[in-house]
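Visitor: No letters, just coordinates:
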């Protein structure tokens, strides 16, 4: 179970390796939202998403003897790149199991970061778990899960330590903190950090409409699955359901979830472009979209927003600009 | 004449108001450049460019009695927004004289930042200087020049103080520092700061081909004009010639200039998008373009690059992505 001590320990291990992303703002966004908006752009993190924090936390927490045999992860996206770079920094092998039909660019980037990419046939029903287990057993690799892993949550939680410090520098101690939420690693990590460091802040998970498993699970008190697992542009945060480890943390610490449409996510991407000069991917823009377009469901004078990643297909980004910039 | 003391004094006045932009990097950019590239993204500065530093430095340096009467500036772009926001922070009037044919968005943004925009007919030959002088005399406004003004140079120089500190944290004390150069305010300010704080760094001004007045002036030792004043997408840095105050500083401290094509600037914008997740305008991307595509004219193992601004028309940005991302 992740504790504040674990987050602080992760922060010291990550110090000097993880980028301390700034806290951005724009009077134009404040005007749309009708309140003060502060933005934590984790798209500026190494590998283009917060996932590097969790990947590096997990890799650095391993016993050196275990670590040197290498790590393995399942991911078609940001977690893959985060783990690959963390492994490269330690000069250890990283095996990333990716679906054969993952975008070529993501496969290339993961390989370029030094990982061995093993492709599996998602459509043909090949079991990635069996494939992964076989590789782990044969080579002694340690599996790094994307969110249901205490050291990964601790790494993501370092984002929360920074938010508390940077907001305090601006005189802000009370705020709703909107976090883009897939399996809940970033959301639960930030919530744990803020519980101690900024107890008057409340985390609100943000998701795409139709893939709002966390919002619905929080409302019902029971882990609830999404009806489908794909079919939304917010690919980075489409998880089937909240994690077994993350959900109890979310339940204890977070306020009600928020959800937005795909169009609102695209609009938020266009506004992040024109007003903040950062590149957000659709899943990374849902919290900003909620801050801008769900004002009626928010209470605090200041809202802090994460942009969780910026690994977006250029043609989709162009479409967002064409329609909304 | 701007001194290190003035830059340090500007840094204390700006502290807490100006954003400390991070130092970014990507292994993919290093690979293209064949060396280590560190990027200072001033596009993330308030108003989307470094110009806010100089504007705020000049406004805060004024005698309070003089300041409260207000300020005036000539600009169709980034300097306008920088001065407007600086004035708004002090609740003083700001008059910005802009050409009638400036992009509507830039006029709107400047107004939205609280400035009074006065339009003049650039094509019809109306003298903006006479217009400005009339307004200054009538209202007691202080003119804030875009670069040939010691307190503006001091403000831009705070970027150099940050570069020296942030590079030192990464263990970098030797580097060529590539700066996007128009009139030379940012370039000379950074060069003055580094002269003391990182004497083994050397500033290299970067410009678009055909508008490389600084490069040619440095080569000849005489201030040399560009043959034309418009007709290049790098609008933010198209100045007729180096400044009277900035040029002697550049001459004393900077290495030879570099210049790049418009296509290379667009390519650098696309790479800043995909690899750094920041939005660069064409003029703001010339230093990155030089780092990537003029490797043969560079010597140092590490090159530090400024992205001076991100206020780019969405359709031009889409074009850059379409062609190069």
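Guide: On my side now, so go ahead. These figures come from a predicted structure and were not determined experimentally.
Visitor: For chain A, what lies in contact range of chain B?
Guide: Proximity of chain A to chain B, by CB under 8 Å from any CB of the partner chain, involves residues A:16, A:19-22, A:24, A:27-28, A:41, A:43-44, A:48, A:109, A:112-113, A:169, A:270, A:273-274, A:276-279, A:310, A:314-315, A:317-318, A:321-322, A:325. Just so you know, the C-beta spots here come from the backbone N, C-alpha and C atoms, and that holds for glycine as well.
Visitor: which ones among those residues are found in strands?
Guide: Counting by DSSP state E, these place residue A:41 in strands.
Visitor: Could you pick out the buried ones from the residues of chain A next to chain B?
Guide: Listed as buried from the residues of chain A next to chain B are A:19-22, A:24, A:27-28, A:41, A:43-44, A:48, A:109, A:113, A:270, A:273-274, A:276-279, A:310, A:314, A:317-318, A:321, A:325; burial here means 16 or more other CB atoms under 10 Å in any protein chain shown.
Visitor: Of those, which belong to helices?
Guide: A:27, A:28, A:109, A:270, A:314, A:317, A:318, A:321 (DSSP state H).
Visitor: out of those residues, what pair is the most spread apart?
Guide: A:27 and A:109 (35.3 Å; CB to CB).
Visitor: Quick one: distance of stretch A:272-289 to the chain centre.
Guide: 14 Å (CA atoms, centre = their mean, to the nearest Å).
Visitor: any idea of the mean pLDDT in that stretch?
Guide: For stretch A:272-289, the mean per-residue pLDDT is 98.
Visitor: Would you mind measuring the gap between the ends of it?
Guide: With CA to CA, to the nearest Å as the measure, stretch A:272-289 spans 10 Å from end to end.
Visitor: who does residue A:305 bridge with?
Guide: Here residue A:305 sits in beta bridges with residue A:39, residue A:178, going by DSSP bridges.
Visitor: And for it, the neighbour number?
Guide: Here the count is done by other CB atoms under 10 Å in any protein chain shown, and residue A:305 has 33 residues near it.
Visitor: pLDDT value on it, please?
Guide: 98.
Visitor: now it: how far from chain B?
Guide: As judged by CB to the nearest CB, to the nearest Å, residue A:305 and chain B stand 15 Å apart.
Visitor: what about the helix or strand containing residue A:193, average pLDDT?
Guide: Following DSSP states H and E, the helix or strand that holds residue A:193 is helix A:185-197. Averaged across helix A:185-197, pLDDT comes to 98.
Visitor: list the buried ones in it?
Guide: A:185, A:186, A:187, A:188, A:189, A:190, A:191, A:192, A:193, A:194, A:195, A:197.
Visitor: Would you mind finding the longest strand in chain A?
Guide: Determined from DSSP E, the single longest strand within chain A is strand A:201-208.
Visitor: Distance from that one to the middle of the chain?
Guide: 12 Å.
Visitor: For it, enumerate the helices and strands it packs against.
Guide: Packing partners of strand A:201-208 (3 or more CB pairs under 8 Å, 6 or more residues apart in numbering or on different chains; DSSP states H and E): helix A:150-169, strand A:175-180, helix A:185-197, helix A:213-220, helix A:246-253, strand A:258-260, helix A:286-293.
Visitor: And the last one, what does it pack against?
Guide: Read that as helix A:286-293. Looks like helix A:286-293 contacts helix A:27-33, strand A:36-41, strand A:175-180, strand A:201-208, strand A:258-260, helix A:262-271, strand A:302-307 (3+ CB pairs under 8 Å, 6+ apart).
Visitor: same thing with the first one?
Guide: Other helices and strands packing on helix A:150-169, by 3+ CB pairs under 8 Å, 6+ apart, are helix A:4-14, strand A:36-41, helix A:51-61, strand A:175-180, helix A:185-197, strand A:201-208, strand A:302-307.
Visitor: orientation of the longest one relative to strand A:302-307 in degrees?
Guide: Orientation note: helix A:185-197 sits at an angle of 150 degrees relative to strand A:302-307 (axes from the mean of the first three to the mean of the last three CA atoms, to 10 degrees).
Visitor: Work out the gap between helix A:185-197 and the centre of the chain.
Guide: On CA atoms, centre = their mean, the centre of helix A:185-197 falls 13 Å from the chain's centre.
Visitor: go on, the first one?
Guide: Averaging C-alpha coordinates over helix A:4-14 and over its chain gives two centres that are 18 Å apart (CA atoms, centre = their mean).
Visitor: quick check: angle from it to helix A:185-197?
Guide: Using the same axes, to 10 degrees: helix A:4-14 against helix A:185-197 is 110 degrees.
Visitor: List of residues touching helix A:4-14?
Guide: A:53, A:56-57, A:60-61, A:150-151, A:154-155, A:157-158, A:160-161, A:189, A:192-193, A:195-196 (CB atoms under 8 Å, 6 or more residues apart in numbering or on different chains).
Visitor: Tell me where the model's unsure across the stretch 201-325 of chain A.
Guide: Counting by pLDDT under 70, the stretch 201-325 of chain A contains no low-confidence segment.
Visitor: Rounded mean pLDDT for stretch A:141-157, please.
Guide: On average, the pLDDT along stretch A:141-157 is 97.
Visitor: now the end-to-end length of it.
Guide: 25 Å.
Visitor: Could you give the backbone dihedrals for residue A:173?
Guide: phi -120, psi -20 (degrees, to the nearest 10).
Visitor: what's the distance between the residue lying closest to it once chain neighbours are set aside and residue A:177?
Guide: Once flanking residues are discounted, residue A:173 sits nearest to residue A:200: 5.4 Å by CB to CB, 6 or more residues apart in numbering or on different chains. Separation of residue A:200 from residue A:177 (CB to CB, to the nearest Å): 11 Å.
Visitor: Look at the two and report which has more neighbours.
Guide: Taking other CB under 10 Å, residue A:200 and residue A:177 do not tie; residue A:177 has more neighbours (30 against 10).
Visitor: The more buried one contacts residue A:163, correct?
Guide: Yes: Residue A:177 lies in contact with residue A:163 (CB atoms under 8 Å); the separation is 6.6 Å.
Visitor: Which residue ranges make up each domain of chain A?
Guide: A:4-50+A:149-324, A:52-143 (automatic domain parsing).
Visitor: which residues touch the residue nearest to residue A:28 when sequence neighbours are not counted?
Guide: Distances taken as CB to CB, 6+ apart place residue A:275 nearest to residue A:28, at 4.9 Å, with adjacent residues excluded. Counting by CB under 8 Å, 6+ apart, residue A:275 touches A:26, A:28, A:29.
Visitor: Surely the first one is in contact with residue A:273?
Guide: What it means is residue A:26. No: counting by CB under 8 Å, residue A:26 stays clear of residue A:273, with 11.4 Å between them.
Visitor: Buried residues in the helix or strand encompassing residue A:135, which are they?
Guide: According to DSSP H and E, residue A:135 maps onto helix A:128-139. Buried residues in helix A:128-139, counting neighbours by 16+ other CB under 10 Å, are found at A:128, A:131, A:132, A:135, A:136.
Visitor: show me where pLDDT drops low in the stretch 1-150 of chain A?
Guide: Along the stretch 1-150 of chain A, the model assigns pLDDT under 70 to no residue.
Visitor: Taking it, what residue is nearest to chain B?
Guide: Nearest residue of the stretch 1-150 of chain A to chain B, counting by CB to the nearest CB: residue A:43, 4.3 Å away.
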